[in-house]
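In: just coords:
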């Protein structure tokens with residue numbers, strides 16, 4: 001599989017988003033673990049999660065615990081897998097989402113995530129979503145402290161604007177390695193952030209790169225250009241979508257969610273799909 005750089009570490013060009021394996025409608029644990037193992041077998045070396053990827057109020061960190069269990073039970077060496085997690089976004093258990101960007105909370109949350117994931121430090125810790133009640137620089141300052149203390153190896157942010165990317169990198173003394181924003185054929189409002197990251201060597205991790213859990217399966221129906229190009233190449237429109245995103249900048253690393261082994265196996269093949277300049281232009285203007 002094609003490799004890309006994340007803070008100087010080489011990871012697979014396609015990552016695995018763990019959210020669908022832990023929220024509403026999630027599969028049983030056995031299938032989830034088989035999905036993670038299938039991703040590793042396909043060459044995926046980046047897995048993305050968050051402490052908020054859970055369904056019920058009493059199971060914070062469900063997805064982190066699941067990933068740790070899957071890696072521990074993997075039959076081959078999993079030491080080269082980079083696990084990224086996030087903090088600052090919470091699910092009270094009633095289906096809603098809230099934010100907590102207070103520095104003390106973020107530090108406690110990161111240490112709790114490290115305990116669930118295991119190891120000496122979190123590979124990549126990302127501030128999940130800005131809290132309007134807390135100055136952004138203060139929240140990012142907590143990530144700086146975690147870096148300096150060795151609790152985390154790399155720091156990133158999510159759901160950020162270009163201005164927040166600049167601020168975060170300044171607070172982190174130039175050590176911001178990633179930005180994770182929503183981006184897909186149906187959601188292109190993060191094009192400025194994607195472009196900025198490409199120009200500044202910061203990894204851009206599109207979340208819901210296929211349009212989200214409910215829409216990914218019908219991508220080719222809603223965006224016929226992706227289906228037409230998929231038919232031409234004899235692949236799925238989902239592969240075409242991920243290959244298109246990879247072509248937008250050398251710093252893009254899509255992290256499609258999956259809850260079935262077959263889904264991530266198909267997505268992983270996108271890193272080897274070469275699209276022509278004309279095809280990329282057609283997809284970039286498709287609606």
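Out: In hand now; what should we look at? Computed from a predicted structure; not experimentally measured.
In: where's the nearest residue to residue 206 once chain neighbours are set aside relative to residue 7, distance?
Out: Closest residue in space to residue 206, ignoring its immediate chain neighbours: residue 183 at 3.8 Å, by CB to CB, 6 or more residues apart in numbering. Placement of C-beta: from N, CA and C, glycine included. Between residue 183 and residue 7 the computed distance is 20 Å (CB to CB, to the nearest Å).
In: more neighbours, those two?
Out: For residue 183 and residue 7, the more surrounded residue by other CB atoms under 10 Å is residue 183, and the numbers stand at 23 against 19.
In: That one and residue 126: what is the separation?
Out: 15 Å.
In: can you check residue 141 too?
Out: 15 Å.
In: Can you show me the strands along the chain?
Out: With DSSP state E as the criterion, the chain has strands at 3-6, 9-12, 16-17, 46-48, 82-87, 89-90, 98-99, 122-127, 152-158, 176-180, 203-204.
In: hey, which of these is tucked in deepest?
Out: strand 16-17 (a mean of 29; mean count of other CB atoms under 10 Å).
In: hmm, back to that, verify the stated contact: the residue nearest to residue 206 with residue 190.
Out: Yes. Counting by CB atoms under 8 Å, residue 183 touches residue 190, with 4.7 Å between them.
In: tell me, what's touching those two both at once?
Out: Common neighbours of residue 183 and residue 190 (criterion: CB atoms under 8 Å, 6 or more residues apart in numbering): residue 206.
In: quick one: the helices in the stretch 101-250 of the chain?
Out: 103-117, 136-149, 162-171, 191-200, 219-222, 224-233, 237-248 (DSSP state H, counting those that start in this stretch).
In: In this structure residue 206 contacts residue 184, no?
Out: Yes. Between residue 206 and residue 184 there is a contact at 6.8 Å, judged by CB under 8 Å.
In: Specify which residue of these two has the higher count of neighbours.
Out: Taking neighbours as other CB under 10 Å, residue 206 and residue 184 compare with residue 206 leading, 28 against 23.
In: who touches the more buried one in this structure?
Out: Residue 206 touches 180, 181, 182, 183, 184, 190, 194, 245, 252, 254, 255, counting by CB under 8 Å, 6+ apart.
In: again, 10 Å this time
Out: For residue 206, the contact set (CB atoms under 10 Å, 6 or more residues apart in numbering) comprises 15, 17, 179-184, 187, 190, 193-194, 241-242, 245-246, 248, 252-256.
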